[in-house]
Structure formats: C-alpha cells, structure tokens
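>>> Predicted coordinates and the sequence they were generated for:
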Amino acid sequence: MRGVIQYIKQRLKNNNKSANASASLDLSGPVVIPRSSHCISRKQISANCRKVLYRLSKAGYEAYLVGGSVRDLLLGHEPKDFDVATSATPEEVRKLFRNCRLIGKRFRLAHVYFRHEVIEVATFRANVPCKQSMSQDGLVIRDNVYGSIEEDVIRRDFTINALLYDINRFTVIDYTEGLEDLDHGLIRLIGDPVTRYREDPVRILRAVRFAAKLGFHLEEATAAPIRECAILLEQIPAARLFEEFNKLFFAGYAAVTFSLLLQYNLFGLLFPATQACLGDTTLHLPVDTFLQTVFQSTDDRVDDGKPVSVVFLLAAILWHPYLQQQYHFQAGGFRSMVAKDKACDAVLSQETHTLAIPRKMHHHIRDIWNSQSFLEERRGKRPLRMVRHPRFRAGYDFLLLRAEADPNLKETAQWWKTFYHAKHEQRIQMITDFQKHKRRKSKN
C-alpha cells in the first residue's frame, strides 16, 4: 500500500514540474497504478471471477474487478467475495453464461453461479438517476439507467469502494482519490453526503460497518449529517434492515460496531426497546455492560471459527426489554407464566416492525428466555429432564453469558457447568445436595 501512495505522490510532483506533462499524468482523470507499484496479483482473484472477467473482455465488453475486493486486496486482506462491473447489460451477461440468473428490481444484477461461489456482475450505472427512479424524498427506488465506467464510479458510495482492477493490464484505477483515503484510514462518501444518504439511507449503516471492520474513522463531512439523516432509515423495508443487521454483527467486529452505533444515535433505530432500557436505572445490571459482553463473545466465536447464531444474539439484545415487559404484566396482576408469554409476544411483535425477524425464530428466542427461570431455580429433578432437552444447550449458553456480566449468577452458572459434564450418579448427588442446601437456607 505504501508503494501505491508513493507512486501517486511522484505523479503529483512530476505534474507540478511540467505544464507539458502527458495526458496520462493528468490527475483530472483517473490515477492508474501499474503492476510494479501495487500488491494485487491475479492469483489472489478466484478462478471463477477470472473466468467471468476474461469471457466478458473476450466478447468485447469492458470488465473490471470492483469494490470491496480491490480494497481488501490492497490492504492485504482476503476478500469475502468478488464483484465485477461491466459495460454489458444484464441480458448480455446472461447470453454469455448459461449459469447466470438475473435478480433485483431497484437495480438489475446478474449472478453467475459456480459450484461454491457466486460472482455478482453489475452493469455500469449512469451518474444521475432519472427523476422517475426517485421518490419525493430523494430515495432511489429504481436504478437501472446504464452509463460509462466513469459515471459508475461516481455512483458508488465510498471512495475506498470505488477502486477498479483491470485484469488485462494488471492495473489499479482510481477516479476518486480512494487510494489516499485507504492510506489515511478514512471512510469518505463520494459526492454530497446528505444527498447520498437520501438516495439510500442504508449507506449510514454501511459507513459505520466499514469503519468498524477496517478500523478506519469517518471523514468529517461524511460523519456530520448522520444524526440528522438517521431518521431516513425508517423508510427502509424491515427485511433489508434485517440483512444489514446480520452484516453489522456477524463479521467479527460487533463490539466496535455497537459502540459506533451508540455514538451516532443509530442503535435505537434498529432496537428501540433495547435503547430505552439503556437509561433504565431500575435494572441492577447496566444494559450496555451486558451488551458489550454479548458482542465481545460473538466476536470471539467468529475469531475462533465457531458458529454464531442469529437467534441467540437477538435473544440477548432483546433480553432486557423482555424483562421489563414481564415485570409490567406481573405488576398488572398476571401470573408469572402468562406474564412471560405476553412479554415475549409484545417485544418480538414490536421489534419485527423494525427488523423482519423470521417467524420461525420467534419460537427459538422464546425457548431461550423461558429456560432462564428454570435454570436459575433448579427445582426438584427438573435439571435431569432439562439437560436432555434438544434446546437445552442454547439456554445453558445464554445463562453462562449472563453470568459473565452479572456476578449474582456466577454460582448458578458454575453449578450447571459441573452438572452438564457430570455422570448420572453425580448429577443425582448434586440435586440432593442442592435441595438440602436450599432447605437449610430457608430455615435460616
């Protein structure tokens, strides 16, 4: 990366020295970095993506590797996926690839399917969407106006995501000073930030996500209107926000993401009930402390290559709203079990309006919540039945996570750890000893 920046600085120096510099040194056009000055090798690009790029080029179309994959390769990271931008229309791409499927209404895309990989191919977009493609608030609702590569680059969101790689010439192409922002660790929107956020409010969440993922910070003009524009996220369909939630919290940087969402007043737009709990002084444990523990645990699992569960994380994020609702219904005279059921329904119903949590997940979240009181009480021989239940492990893991943030649960969590790994005879003895201890405690 340092070699790339040195190359740009040398070009600037040469351009200032001579007014007769060649057109290739005209920085009003793109900066083109030759192979000798950048670290990207074709071998780092998946074989399937290379196949797509070469076939498009051979057919006479422009085709470039674009976006996050170029950014990540320059940073020395392994890209999660590879995207292609081309002058070919989606229909023309489909003619070249039998394994192609066209998707999308807002913006038509071609997905080229291989056995273990999907290459997304997008046609160059025009710089300015037509008025018929925009809502009265400036939200882009259709974006199928095609243009040139120069226009397409300007339509992209952030400078660091607007870099191109030309596989035929082995060059990196930069129209937006994205290389310098990459070097300085900046997340910068292309164009006027307010206009770009209005076009697609999800860019607000993407800005936070990239800052967390890359350890970058938001450029001043990009950050300034976020709090003002955050309300625009209410225009976004709940299903799309659910997809963005998964991207935000399951990539190994959930703890940092949570802090940034709080910093820019965005967390409450995704989880309004949990946000309301953050200032609740009646809860014995600060909610933000518990959530930091939850998100750090999620990051640790991702780093260790262990599976992570959307259901589990949602149960944790919505745990305190559930407790609040449970207390509310009990105070209204409902019995404990009825209050729990009503609390589950109330919290999940409210949150589903913001994030389209699939209905099948509601039952699993409910099971995790309901199991907590049984795990804490350890009545009679119920622990023997619970440990054999197919969903026991989720509730058990949730109790251990709660205990990490709440010292009052340490003893209970340790008891279950021992019980879980014990043999049947030892479990019987543990239950007997616990009941004796409970009786002695009640007499005192």
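Arrived safely.
>>> what about this structure, any weak spots by pLDDT?
Applying pLDDT under 70 to the chain flags the ranges 1-28, 128-144, 281-285, 444.
>>> quick one: the strands in it?
Ranges of strands within the chain are 31-33, 63-66, 83-86, 100-103, 109-113, 118-123, 164-166, 171-174, 186-187, 217-218, based on DSSP state E.
>>> contacting residues around residue 150?
Counting by Cβ atoms under 8 Å, 6 or more residues apart in numbering, residue 150 touches 127, 175. Where you see a C-beta, it was placed from the backbone N, CA and C, and this is true even at glycine.
>>> change it to 7 Å
Applying Cβ atoms under 7 Å, 6 or more residues apart in numbering, we find residue 150 in contact with residue 175.
>>> Run through the residues that contact residue 403.
Residue 403 neighbours (Cβ under 7 Å, 6+ apart): 409, 410, 413.
>>> what's the closest non-adjacent residue to it?
Nearest residue to residue 403 in three dimensions, chain neighbours excluded: residue 413, at 3.6 Å (Cβ to Cβ, 6 or more residues apart in numbering).
>>> In contact with that neighbour, which residues?
Contacts of residue 413 (Cβ under 7 Å, 6+ apart): 399, 400, 403.
>>> go on, residue 146?
Neighbouring residues of residue 146 by Cβ under 7 Å, 6+ apart: 89, 123, 124, 125, 126.
>>> residues near the residue nearest to residue 303 when sequence neighbours are not counted, how many?
Distance criterion Cβ to Cβ, 6+ apart; nearest residue to residue 303, sequence neighbours excluded, is residue 252 at 5.9 Å. Residue 252 has 17 neighbours, counted by other Cβ atoms under 10 Å.
>>> Isn't residue 252 up against residue 299?
Yes: applying Cβ atoms under 7 Å, one finds residue 252 in contact with residue 299, separated by 5.4 Å.
>>> that older thread, make CSV out of the contacts of residue 146 and add neighbour count.
Below are the contacts of residue 146 laid out as CSV (neighbours: other Cβ atoms under 10 Å):
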residue, neighbour count
89, 17
123, 23
124, 22
125, 21
126, 17
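>>> and residue 426, how many neighbours does it have?
Using other Cβ under 10 Å, residue 426 has 12 other residues around it.
>>> With residue 231 instead?
11.
>>> Report the separation between residue 121 and residue 48.
Noted for residue 121: a distance of 12 Å to residue 48, by Cβ to Cβ, to the nearest Å.
>>> Endpoints of stretch 108-116, how far apart?
Start to finish, the residues bounding stretch 108-116 are 23 Å apart (Cα to Cα, to the nearest Å).
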